[in-house]
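In: Show me the folded form of this:
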Amino acid sequence: MKKFKSVLFVVLASIIFTSCTSSLGDIGKTMALVNSLEKMGISPDAAIGGIGGILSLAQGKLDPADLSKVMSAFPDSKNIMKEAKKLGVGNVTNMADLGKTFSKLGMKPTDVVKFIPEVTKYVGSNGGSGAGDIIGGLLK
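Out: Residues are numbered from 1 along each chain as shown. Predicted coordinates:
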């Protein structure tokens, strides 16, 4: 009976975890960043939308070589962008658009102050050479 309860718990936990994360689609490797941001009080939807907004800005502002370095931190970027679009994130062309995107996603200025350095650090650790500096410069 004890073994049955343990197995039942594992099955139920798996179902609950899957249903909670399935709304985010397949964002693979980036889920580690989303989890880190969630621990800082930023919802998973706001995290994905915010990352999508940053990637949209990068696509419009960075030269192809720099963009490639940044995007290499997000091998699942197509899915991130798709999920961000579902959350209402549009084409981000400048920092004002990015600020509006953050606000639309429910982020307060205190969230953004935590969000941007965490994303920059993630890109620096997971992107191509100098990617953290590139994204940091873009987000100033």
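In: which ones are touching the residue lying closest to P75 once chain neighbours are set aside?
Out: With sequence-adjacent residues excluded and distances taken as CB to CB, 6 or more residues apart in numbering, P75 is closest to K29, at 6.0 Å. Backbone N, C-alpha and C define where each C-beta goes, glycine included. Residues counted as contacts of K29 (CB atoms under 8 Å, 6 or more residues apart in numbering) are F74, P75, D76, N126.
In: And the furthest pair within these?
Out: Largest separation among the contacts of K29 by CB to CB: D76 and N126, giving 11.3 Å.
In: and the nearest residue to I48 once chain neighbours are set aside, how many residues sit next to it?
Out: Residue nearest to I48 in three dimensions, not counting chain neighbours: E83, with 5.1 Å by CB to CB, 6+ apart. E83 is flanked by 23 other residues according to other CB atoms under 10 Å.
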